[in-house]
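**Student:** Test case, fold it:
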Amino acid sequence: MDGRDEGHYVGVDVSKGRLDVAMLRRGAPAENFSVVNDPEGVDSLLGRLGEQCVELVVLEATGGYERSAAVAMAAAGIRVAVVNPRRARDFAKATGKLAKTDRIDAEVLARFAEAVRPEPRALPDEEALLLGEILDRRRQLVVMLVAEDNRLSAVVSAPVRRRIRAHVRWLEKELARTDRELEEAVEASPVWRENEALLRTVPGVGPALARTLLAELPELGALTHRRLSALVGVAPFARDSGKMRGKREVWGGRARVRTALYMGALVASRHNPAIREFYERLVTAGKPKKVALVACMRKLLSILNAMMRDRAPWKATCASHP
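**Tutor:** The predicted structure follows:
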(Lines give C-alpha, C1' and ligand atoms only; values in the text may rest on other atoms or scores of the structure.)
Protein backbone atom coordinates (compact mmCIF):
# COMPACT_ATOMS: atom_id res chain seq x y z
CA MET A 1 0.00 0.00 0.00
CA ASP A 2 1.27 3.51 -0.82
CA GLY A 3 2.32 5.41 2.29
CA ARG A 4 0.21 8.32 1.10
CA ASP A 5 -2.91 6.22 1.65
CA GLU A 6 -2.32 6.31 5.44
CA GLY A 7 -3.08 10.02 5.71
CA HIS A 8 -6.37 11.86 5.79
CA TYR A 9 -8.11 13.40 2.79
CA VAL A 10 -10.29 16.32 3.77
CA GLY A 11 -13.25 17.94 2.04
CA VAL A 12 -14.56 21.33 3.12
CA ASP A 13 -17.97 22.51 1.96
CA VAL A 14 -17.92 26.29 2.15
CA SER A 15 -20.79 28.67 2.74
CA LYS A 16 -20.84 32.28 3.87
CA GLY A 17 -21.32 31.43 7.54
CA ARG A 18 -20.00 27.88 7.96
CA LEU A 19 -17.36 25.37 6.95
CA ASP A 20 -18.58 21.77 6.88
CA VAL A 21 -15.65 19.38 7.08
CA ALA A 22 -15.28 15.68 6.28
CA MET A 23 -12.03 13.88 7.16
CA LEU A 24 -11.57 10.59 5.34
CA ARG A 25 -9.04 7.85 5.95
CA ARG A 26 -8.87 4.58 4.05
CA GLY A 27 -10.81 1.82 5.85
CA ALA A 28 -12.46 4.16 8.34
CA PRO A 29 -15.78 6.05 8.28
CA ALA A 30 -15.64 9.75 7.55
CA GLU A 31 -15.30 12.10 10.51
CA ASN A 32 -17.61 15.09 10.16
CA PHE A 33 -17.68 18.41 11.98
CA SER A 34 -18.35 22.07 11.21
CA VAL A 35 -16.92 25.42 12.26
CA VAL A 36 -17.99 29.01 11.76
CA ASN A 37 -16.48 30.63 8.66
CA ASP A 38 -14.65 33.39 10.49
CA PRO A 39 -11.06 33.81 11.81
CA GLU A 40 -11.82 31.95 15.05
CA GLY A 41 -13.49 29.10 13.16
CA VAL A 42 -10.59 28.83 10.72
CA ASP A 43 -8.15 28.69 13.66
CA SER A 44 -10.22 25.89 15.18
CA LEU A 45 -10.14 24.03 11.86
CA LEU A 46 -6.37 24.40 11.63
CA GLY A 47 -6.08 22.99 15.15
CA ARG A 48 -8.12 19.91 14.23
CA LEU A 49 -6.16 19.36 11.03
CA GLY A 50 -2.86 19.84 12.84
CA GLU A 51 -3.66 16.83 15.02
CA GLN A 52 -3.81 14.54 11.95
CA CYS A 53 -1.59 13.57 9.06
CA VAL A 54 -3.38 15.40 6.25
CA GLU A 55 -2.49 14.51 2.67
CA LEU A 56 -4.75 16.98 0.90
CA VAL A 57 -7.65 19.36 1.56
CA VAL A 58 -10.12 20.14 -1.21
CA LEU A 59 -12.51 23.10 -1.21
CA GLU A 60 -14.88 24.33 -3.90
CA ALA A 61 -14.50 27.80 -5.32
CA THR A 62 -17.43 29.60 -3.69
CA GLY A 63 -17.32 33.21 -4.78
CA GLY A 64 -14.47 34.10 -2.44
CA TYR A 65 -15.95 32.65 0.77
CA GLU A 66 -13.33 29.88 0.61
CA ARG A 67 -10.42 32.29 0.32
CA SER A 68 -9.53 32.96 3.98
CA ALA A 69 -9.65 29.27 4.94
CA ALA A 70 -7.61 28.19 1.91
CA VAL A 71 -4.94 30.85 2.48
CA ALA A 72 -4.70 30.01 6.21
CA MET A 73 -4.26 26.30 5.50
CA ALA A 74 -1.67 26.94 2.80
CA ALA A 75 0.23 29.25 5.16
CA ALA A 76 0.21 26.44 7.75
CA GLY A 77 1.88 24.11 5.25
CA ILE A 78 -1.24 22.07 4.45
CA ARG A 79 -1.68 21.04 0.81
CA VAL A 80 -4.85 22.75 -0.46
CA ALA A 81 -6.67 22.52 -3.79
CA VAL A 82 -9.53 24.86 -4.68
CA VAL A 83 -11.59 23.16 -7.40
CA ASN A 84 -14.32 24.17 -9.80
CA PRO A 85 -17.75 23.18 -8.33
CA ARG A 86 -18.67 21.50 -11.64
CA ARG A 87 -15.82 19.00 -11.24
CA ALA A 88 -16.96 18.06 -7.75
CA ARG A 89 -20.61 17.77 -8.79
CA ASP A 90 -19.76 15.60 -11.81
CA PHE A 91 -17.71 13.37 -9.51
CA ALA A 92 -20.66 13.11 -7.10
CA LYS A 93 -23.01 12.05 -9.91
CA ALA A 94 -20.47 9.53 -11.22
CA THR A 95 -20.29 7.91 -7.78
CA GLY A 96 -24.08 7.84 -7.35
CA LYS A 97 -24.30 10.68 -4.80
CA LEU A 98 -27.39 12.46 -6.11
CA ALA A 99 -28.57 13.89 -2.78
CA LYS A 100 -27.08 17.23 -1.82
CA THR A 101 -26.54 18.51 1.72
CA ASP A 102 -23.59 20.34 3.25
CA ARG A 103 -22.43 17.18 5.02
CA ILE A 104 -22.77 15.04 1.86
CA ASP A 105 -20.96 17.68 -0.20
CA ALA A 106 -18.05 17.71 2.27
CA GLU A 107 -17.75 13.91 2.09
CA VAL A 108 -17.90 14.02 -1.71
CA LEU A 109 -15.03 16.54 -1.72
CA ALA A 110 -13.02 14.30 0.63
CA ARG A 111 -13.54 11.29 -1.66
CA PHE A 112 -12.73 13.47 -4.67
CA ALA A 113 -9.46 14.45 -2.92
CA GLU A 114 -8.59 10.78 -2.32
CA ALA A 115 -9.56 9.50 -5.79
CA VAL A 116 -8.51 12.37 -8.06
CA ARG A 117 -5.84 14.08 -5.95
CA PRO A 118 -6.05 17.44 -7.75
CA GLU A 119 -2.84 19.39 -7.75
CA PRO A 120 -2.72 22.12 -5.11
CA ARG A 121 -2.90 25.53 -6.74
CA ALA A 122 -0.70 28.47 -5.93
CA LEU A 123 -2.66 30.77 -3.65
CA PRO A 124 -2.27 34.54 -3.89
CA ASP A 125 -0.39 36.30 -1.13
CA GLU A 126 -1.86 39.05 1.04
CA GLU A 127 -1.06 41.79 -1.48
CA ALA A 128 -2.69 39.78 -4.27
CA LEU A 129 -5.79 39.23 -2.15
CA LEU A 130 -6.05 42.99 -1.54
CA LEU A 131 -5.69 43.74 -5.23
CA GLY A 132 -8.20 41.00 -6.09
CA GLU A 133 -10.82 42.40 -3.74
CA ILE A 134 -10.42 45.91 -5.16
CA LEU A 135 -10.74 44.49 -8.69
CA ASP A 136 -13.87 42.59 -7.61
CA ARG A 137 -15.38 45.80 -6.28
CA ARG A 138 -14.54 47.62 -9.50
CA ARG A 139 -16.27 44.91 -11.56
CA GLN A 140 -19.34 45.15 -9.33
CA LEU A 141 -19.52 48.91 -9.81
CA VAL A 142 -19.23 48.60 -13.58
CA VAL A 143 -22.07 46.02 -13.63
CA MET A 144 -24.27 48.31 -11.52
CA LEU A 145 -23.51 51.28 -13.78
CA VAL A 146 -24.51 49.33 -16.88
CA ALA A 147 -27.71 48.16 -15.18
CA GLU A 148 -28.67 51.69 -14.12
CA ASP A 149 -27.95 53.06 -17.59
CA ASN A 150 -30.25 50.39 -19.04
CA ARG A 151 -32.99 51.28 -16.55
CA LEU A 152 -32.62 54.97 -17.36
CA SER A 153 -33.30 54.33 -21.03
CA ALA A 154 -36.53 52.45 -20.18
CA VAL A 155 -38.00 54.76 -17.52
CA VAL A 156 -40.35 57.65 -18.40
CA SER A 157 -41.23 58.89 -14.90
CA ALA A 158 -39.31 62.12 -14.19
CA PRO A 159 -38.88 61.47 -10.40
CA VAL A 160 -37.54 57.96 -11.03
CA ARG A 161 -35.19 59.23 -13.73
CA ARG A 162 -33.81 61.82 -11.29
CA ARG A 163 -33.11 59.15 -8.67
CA ILE A 164 -31.44 56.88 -11.23
CA ARG A 165 -29.25 59.75 -12.48
CA ALA A 166 -28.28 60.54 -8.88
CA HIS A 167 -27.33 56.92 -8.32
CA VAL A 168 -25.34 56.85 -11.58
CA ARG A 169 -23.38 59.95 -10.44
CA TRP A 170 -22.64 58.25 -7.11
CA LEU A 171 -21.53 55.06 -8.83
CA GLU A 172 -19.24 57.03 -11.15
CA LYS A 173 -17.63 58.75 -8.15
CA GLU A 174 -17.26 55.41 -6.37
CA LEU A 175 -15.69 53.91 -9.50
CA ALA A 176 -13.20 56.79 -9.64
CA ARG A 177 -12.33 56.26 -5.97
CA THR A 178 -11.86 52.54 -6.58
CA ASP A 179 -9.56 53.24 -9.53
CA ARG A 180 -7.47 55.49 -7.26
CA GLU A 181 -7.28 52.70 -4.68
CA LEU A 182 -6.08 50.33 -7.40
CA GLU A 183 -3.35 52.75 -8.40
CA GLU A 184 -2.29 53.19 -4.77
CA ALA A 185 -2.22 49.43 -4.16
CA VAL A 186 0.03 48.88 -7.19
CA GLU A 187 2.27 51.83 -6.38
CA ALA A 188 2.71 50.62 -2.79
CA SER A 189 4.36 47.38 -3.94
CA PRO A 190 7.65 47.40 -5.90
CA VAL A 191 6.91 43.84 -7.09
CA TRP A 192 3.46 44.81 -8.38
CA ARG A 193 4.88 47.87 -10.14
CA GLU A 194 7.62 45.86 -11.84
CA ASN A 195 5.32 43.01 -12.91
CA GLU A 196 2.57 45.31 -14.17
CA ALA A 197 5.09 47.39 -16.12
CA LEU A 198 6.48 44.20 -17.69
CA LEU A 199 3.05 42.89 -18.74
CA ARG A 200 1.93 46.24 -20.09
CA THR A 201 4.79 46.38 -22.59
CA VAL A 202 2.55 44.11 -24.71
CA PRO A 203 0.21 46.06 -27.02
CA GLY A 204 -3.34 45.21 -25.98
CA VAL A 205 -2.54 44.62 -22.31
CA GLY A 206 -3.96 47.42 -20.21
CA PRO A 207 -4.13 47.89 -16.44
CA ALA A 208 -7.32 45.82 -16.04
CA LEU A 209 -5.85 42.69 -17.67
CA ALA A 210 -2.41 43.08 -16.08
CA ARG A 211 -3.85 43.49 -12.57
CA THR A 212 -6.34 40.67 -13.01
CA LEU A 213 -3.55 38.33 -14.06
CA LEU A 214 -1.37 39.34 -11.13
CA ALA A 215 -4.18 38.98 -8.59
CA GLU A 216 -6.03 35.95 -9.96
CA LEU A 217 -3.31 33.93 -11.72
CA PRO A 218 -0.28 33.62 -9.42
CA GLU A 219 0.87 30.63 -11.53
CA LEU A 220 1.72 32.97 -14.44
CA GLY A 221 5.34 32.32 -15.42
CA ALA A 222 5.58 29.10 -13.40
CA LEU A 223 3.60 26.60 -15.55
CA THR A 224 3.86 25.33 -19.10
CA HIS A 225 1.73 27.12 -21.69
CA ARG A 226 -0.53 24.07 -22.09
CA ARG A 227 -1.22 23.71 -18.37
CA LEU A 228 -1.78 27.43 -17.93
CA SER A 229 -4.28 27.50 -20.81
CA ALA A 230 -6.22 24.63 -19.21
CA LEU A 231 -6.12 26.40 -15.84
CA VAL A 232 -7.63 29.58 -17.29
CA GLY A 233 -10.13 27.66 -19.42
CA VAL A 234 -8.96 28.53 -22.94
CA ALA A 235 -7.56 25.10 -23.89
CA PRO A 236 -9.78 23.24 -26.38
CA PHE A 237 -11.11 19.88 -25.20
CA ALA A 238 -11.73 17.03 -27.64
CA ARG A 239 -15.23 15.56 -28.06
CA ASP A 240 -14.44 12.45 -30.13
CA SER A 241 -16.06 9.02 -30.09
CA GLY A 242 -15.16 6.24 -32.52
CA LYS A 243 -14.98 7.74 -36.00
CA MET A 244 -16.88 10.84 -34.94
CA ARG A 245 -14.77 13.95 -34.46
CA GLY A 246 -16.71 16.47 -32.43
CA LYS A 247 -16.30 20.19 -32.19
CA ARG A 248 -13.53 21.29 -29.81
CA GLU A 249 -14.78 23.39 -26.91
CA VAL A 250 -13.30 25.43 -24.10
CA TRP A 251 -14.95 25.55 -20.67
CA GLY A 252 -14.21 25.76 -16.96
CA GLY A 253 -11.20 27.56 -15.58
CA ARG A 254 -11.01 30.96 -13.93
CA ALA A 255 -13.85 33.02 -15.31
CA ARG A 256 -12.57 36.43 -14.21
CA VAL A 257 -9.18 35.84 -15.80
CA ARG A 258 -10.84 34.55 -18.96
CA THR A 259 -13.10 37.61 -19.20
CA ALA A 260 -10.20 40.02 -18.83
CA LEU A 261 -8.12 38.00 -21.29
CA TYR A 262 -10.96 38.08 -23.84
CA MET A 263 -11.03 41.88 -23.77
CA GLY A 264 -7.24 42.03 -24.00
CA ALA A 265 -7.18 39.67 -26.99
CA LEU A 266 -9.93 41.68 -28.68
CA VAL A 267 -7.83 44.84 -28.42
CA ALA A 268 -4.64 42.99 -29.35
CA SER A 269 -6.27 41.52 -32.49
CA ARG A 270 -6.54 45.08 -33.76
CA HIS A 271 -3.48 46.85 -32.34
CA ASN A 272 -0.84 44.18 -31.63
CA PRO A 273 1.00 43.27 -34.86
CA ALA A 274 1.75 39.66 -33.88
CA ILE A 275 -1.75 38.92 -32.57
CA ARG A 276 -3.44 40.78 -35.45
CA GLU A 277 -1.46 38.79 -38.05
CA PHE A 278 -2.28 35.54 -36.23
CA TYR A 279 -6.00 36.42 -36.05
CA GLU A 280 -6.21 37.41 -39.72
CA ARG A 281 -4.41 34.24 -40.80
CA LEU A 282 -6.91 32.07 -38.92
CA VAL A 283 -9.92 33.94 -40.31
CA THR A 284 -8.52 33.75 -43.84
CA ALA A 285 -8.09 30.00 -43.36
CA GLY A 286 -11.82 29.74 -42.66
CA LYS A 287 -11.92 29.72 -38.85
CA PRO A 288 -14.99 31.41 -37.32
CA LYS A 289 -14.07 34.76 -35.81
CA LYS A 290 -14.93 33.67 -32.27
CA VAL A 291 -12.74 30.56 -32.60
CA ALA A 292 -9.92 32.72 -33.94
CA LEU A 293 -10.30 35.11 -31.02
CA VAL A 294 -10.09 32.27 -28.48
CA ALA A 295 -6.91 31.13 -30.22
CA CYS A 296 -5.61 34.69 -29.84
CA MET A 297 -6.42 34.49 -26.12
CA ARG A 298 -4.26 31.37 -25.85
CA LYS A 299 -1.43 32.97 -27.82
CA LEU A 300 -1.55 36.16 -25.76
CA LEU A 301 -1.55 34.16 -22.53
CA SER A 302 1.38 32.09 -23.82
CA ILE A 303 3.37 35.24 -24.61
CA LEU A 304 2.65 36.75 -21.18
CA ASN A 305 3.59 33.49 -19.49
CA ALA A 306 6.93 33.43 -21.31
CA MET A 307 7.57 37.07 -20.42
CA MET A 308 6.98 36.46 -16.72
CA ARG A 309 9.10 33.30 -16.81
CA ASP A 310 12.03 34.93 -18.59
CA ARG A 311 11.52 38.44 -17.15
CA ALA A 312 11.76 39.70 -20.73
CA PRO A 313 9.76 42.63 -22.15
CA TRP A 314 7.45 42.39 -25.16
CA LYS A 315 9.83 42.94 -28.08
CA ALA A 316 12.39 40.36 -26.95
CA THR A 317 9.69 37.80 -26.17
CA CYS A 318 7.75 38.44 -29.36
CA ALA A 319 10.85 38.01 -31.52
CA SER A 320 11.60 34.56 -30.11
CA HIS A 321 8.11 33.28 -29.38
CA PRO A 322 6.78 30.50 -31.66
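**Student:** Is L293 in contact with M263, as I believe?
**Tutor:** No - in this structure L293 lies outside contact range of M263 using Cβ atoms under 8 Å: 10.6 Å. From N, CA and C alone the C-beta is placed, and that goes for glycine too.
**Student:** who has more neighbours, the two?
**Tutor:** Comparing L293 with M263 by neighbour count (other Cβ atoms under 10 Å), the higher total belongs to L293, at 19 against 15.
**Student:** all strands in the protein, in order from the N-terminus.
**Tutor:** Secondary structure of the chain (DSSP state E): strands at 8-14, 18-24, 31-36, 54-60, 80-83, 240-241, 244-245.
**Student:** for V232, what are its contacts?
**Tutor:** Residues near V232 by Cβ atoms under 8 Å, 6 or more residues apart in numbering: L217, G253, R254, V257, R258, L261, L301.
**Student:** Neighbour count and pLDDT for the residues you listed - can I get that in TSV?
**Tutor:** Shown next, in TSV, are those (neighbours: other Cβ atoms under 10 Å; pLDDT from 0 to 100):
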residue	neighbour count	pLDDT
L217	27	87
G253	18	70
R254	18	81
V257	21	90
R258	20	91
L261	28	94
L301	25	94
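**Student:** Please list the members of these that lie in helices.
**Tutor:** Judged by DSSP state H, the subset of those located in helices is V257, R258, L261, L301.
**Student:** Tell me how far the second one lies from R281.
**Tutor:** Remark: distance between R258 and R281 (Cβ to Cβ, to the nearest Å) = 23 Å.
**Student:** what does the third one give?
**Tutor:** For L261, the distance to R281 (Cβ to Cβ) stands at 20 Å.
**Student:** Distance check, A106 against K97.
**Tutor:** Going from A106 to K97 by Cβ to Cβ gives 11 Å.
**Student:** Looking at these two, which is more packed in?
**Tutor:** More crowded of A106 and K97, by other Cβ under 10 Å: A106, with 28 against 15.
**Student:** Next one: the more buried one from V116, what distance?
**Tutor:** Counting by Cβ to Cβ, the gap from A106 to V116 is 16 Å.
**Student:** A28 now?
**Tutor:** Relative to V116, and taking Cβ to Cβ, A28 is found at 20 Å.
**Student:** Who has more neighbours out of those two?
**Tutor:** Comparing A28 with V116 by other Cβ under 10 Å, the one with more neighbours is V116, at 15 against 9.
**Student:** Can you name the residues that contact that one?
**Tutor:** Counting by Cβ under 8 Å, 6+ apart, V116 touches F91.
**Student:** Check the contact between K287 and A295; I expect there is one.
**Tutor:** Yes - in this structure, K287 is within contact of A295 by Cβ under 8 Å, at 7.4 Å.
**Student:** quick one: which of the two has more around it?
**Tutor:** Higher neighbour count among K287 and A295: A295, with 19 against 15, using other Cβ under 10 Å.
**Student:** Tell me how far that one lies from A74.
**Tutor:** Taking Cβ to Cβ, one finds A295 at 34 Å from A74.
**Student:** same thing with E216?
**Tutor:** Counting by Cβ to Cβ, the gap from E216 to A74 is 16 Å.
**Student:** Look at these two and report which has more neighbours.
**Tutor:** Taking other Cβ under 10 Å, E216 and A74 do not tie; E216 has more neighbours (22 against 19).
**Student:** who touches the more buried one in this structure?
**Tutor:** Residues P124, G132, L135, R254, R256, V257 are the ones in contact with E216 under the rule Cβ under 8 Å, 6+ apart.
**Student:** Wait, S269 touches L293, no?
**Tutor:** Yes - look at S269 against L293 with Cβ under 8 Å: they come within range, at 6.5 Å.
**Student:** Which neighbours do these two have in common?
**Tutor:** Y279.
**Student:** Make CSV out of the strands of the chain and add mean neighbour count.
**Tutor:** Output for those, formatted as CSV (neighbours: other Cβ atoms under 10 Å):
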stretch, mean neighbour count
strand 8-14, 27
strand 18-24, 23
strand 31-36, 16
strand 54-60, 24
strand 80-83, 20
strand 240-241, 8
strand 244-245, 8
